[in-house]
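Visitor: Provided below for reference: sequence and predicted model.
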Amino acid sequence: MSTPDRYLTVLDMSRGSGELRRVDPTKPILTAFDYAATRGDGAFEAMHIVGGVINKPERHLDRMARSLQHLGIIGPTKAQWTDLINDLAEQWPDDAEGVIKLVISRGQEGGPTAQPPTVYGTITPLDPDLKKQRRKGIDVISLTFGYPAAVREQSPWLLGGTKYLSYAVNMAAKRHASSQGADDVIFVSHDGNVLEGPNATVLWLTGSTLHTTPADTGILQGTTQEKIFDEAESVGLQTAITTATLEDLLEADAVWMSSSTRGVAAIKTLDGKTLGQSEERTTDLHRLSGLPEPKAKKDKKDKKKKR
Ligand SMILES: Cc1ncc(COP(=O)(O)O)c(C=O)c1O
């Protein structure tokens, strides 16, 4: 399988109907004054595609609509977003896992007051490291988020529940984890509540109940978590929204992080302590997530024997 290219389509909102324009992805499309560049003021979504199937696009578009409402940006219609997604998907080969990213900013800084937002989409190959983490599990550290758990619900300017463009803090947390030899982070509120990862939701199992953290802490509602919870009953799991501490995760039967591109990754260790594991439930969650189940990689010796 060859590594597919990357593609870029602009949705030009300067005309009412929104015009799609395929652009060479190596060419610039933003001006120096775009709010995406000057303030990180906008929103994005990232969704998974393989075999021509886009995983849960409706949930992503619903969340995009919520993000834009929180930001006070009037974006494309659902039909215009869908045309953009389909235009990108058309260009993608069937045999590769890809990531469709939708990006919108408030438009140009300093321009006329009524101006269109900047909107575009890209499609790129899924990072092979993410596939490996889906297959093998991850080591995670906890980091403080700084705020008390209740503050974002009471403070709309902190943009809880919004997938805004300014992810510099999230990326810094991931780099910090990497510098400590870990794959990911669980953010913990100032008052000790488990929140979420920089780009993933936390899930854990006690008996036959699958838990996640409450949305009123200002976490981003995960579309993968929502899909898994909606279908959990089909594999005999109950679901619960639960306030938890790190102690609760250490005592759980298994803990995972879920996201649209990596899918479900079992957490092997948290702050260096080994967590409970459930291979059976990990397989269930892979299935419910809608992403391809990881295949065990044959080692080189096995491959040679078969030749
Ligand atoms: C902060 C944050 N939490 C959770 C998630 C998981 O959401 P989803 O499952 O929709 O990818 C993401 C996704 O990128 C995220 O950025």
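Guide: The structure has been received and is ready for your questions.
Visitor: tell me what the longest helix seen in the chain is packed against?
Guide: Longest helix in the chain, counting residues (DSSP state H): helix 57-71. Applying 3 or more C-beta pairs under 8 Å, 6 or more residues apart in numbering; DSSP states H and E, one finds that helix 57-71 makes contact with strand 42-50, helix 78-90, strand 98-105, helix 223-231. The C-beta positions use only the backbone N, C-alpha and C, and glycine is treated the same way.
Visitor: could the ones you listed go into CSV alongside distance to the ligand, mean neighbour count and mean pLDDT?
Guide: What follows is the helices and strands packed on helix 57-71, written out as CSV (distance: least, C-beta to the nearest ligand atom, whole Å; neighbours: other C-beta atoms under 10 Å; pLDDT from 0 to 100):
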stretch, distance to the ligand, mean neighbour count, mean pLDDT
strand 42-50, 6, 22, 98
helix 78-90, 15, 17, 97
strand 98-105, 10, 22, 98
helix 223-231, 3, 21, 98
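Visitor: I'd assumed T9 was in a helix, is it?
Guide: No: assignment of T9 by DSSP: H, G, I helix; E, B strand; the rest coil gives strand, placing it outside any helix.
Visitor: residue contacts, it?
Guide: Shown in contact with T9 (C-beta atoms under 8 Å, 6 or more residues apart in numbering): 20-23, 84, 87-88, 120-122.
Visitor: Centre of the chain to the longest helix of the chain, how far?
Guide: From the chain centre to the centre of helix 57-71 is a distance of 13 Å (C-alpha atoms, centre = their mean, to the nearest Å).
Visitor: With just CA atoms, put that helix into PDB.
Guide: Taking C-alpha atoms only, helix 57-71 is exported to PDB below (Å, rounded to 0.1, in the frame of the first residue of the first chain):
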ATOM      1  CA  PRO A  57     -19.900  12.700  10.300                       C
ATOM      2  CA  GLU A  58     -23.300  13.900  11.800                       C
ATOM      3  CA  ARG A  59     -21.900  13.900  15.300                       C
ATOM      4  CA  HIS A  60     -18.900  16.000  14.200                       C
ATOM      5  CA  LEU A  61     -21.100  18.500  12.400                       C
ATOM      6  CA  ASP A  62     -23.400  18.800  15.400                       C
ATOM      7  CA  ARG A  63     -20.400  19.500  17.600                       C
ATOM      8  CA  MET A  64     -19.000  22.000  15.100                       C
ATOM      9  CA  ALA A  65     -22.300  23.800  15.200                       C
ATOM     10  CA  ARG A  66     -22.100  24.000  19.000                       C
ATOM     11  CA  SER A  67     -18.500  25.300  18.900                       C
ATOM     12  CA  LEU A  68     -19.500  28.000  16.400                       C
ATOM     13  CA  GLN A  69     -22.400  29.000  18.600                       C
ATOM     14  CA  HIS A  70     -20.100  29.300  21.600                       C
ATOM     15  CA  LEU A  71     -17.700  31.400  19.500                       C
END
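Visitor: List the buried residues of it.
Guide: By neighbour count, with 16 or more other C-beta atoms under 10 Å as the criterion, the buried positions of helix 57-71 are 57, 59-61, 63-64, 66-68, 70-71.
Visitor: For stretch 182-200, measure first residue to last.
Guide: End-to-end distance for stretch 182-200: 15 Å, by C-alpha to C-alpha, to the nearest Å.
Visitor: Indicate whether that stretch makes contact with the ligand.
Guide: Yes: against the ligand, stretch 182-200 shows contacts by C-beta under 6 Å from any ligand atom at 196, 199-200.
Visitor: Select from these the one having the most neighbours.
Guide: Within the residues of stretch 182-200 next to the ligand, most neighbours by other C-beta atoms under 10 Å means A200, with 26 neighbours.
Visitor: how far away is that residue from R262?
Guide: Using C-beta to C-beta, to the nearest Å, A200 is found at 7 Å from R262.
Visitor: what's the answer for E233, then?
Guide: With the distance defined as C-beta to C-beta, E233 ends up 24 Å from R262.
Visitor: next one: L143
Guide: 19 Å.
Visitor: And the two? Which one has more around it.
Guide: Applying other C-beta under 10 Å to L143 and R262 shows that R262 carries more neighbours, namely 26 against 19.
Visitor: my read: the more buried one touches R135, true?
Guide: No: judged on C-beta atoms under 8 Å, R262 makes no contact with R135 at a distance of 10.3 Å.
Visitor: Perfect, I'm done here.
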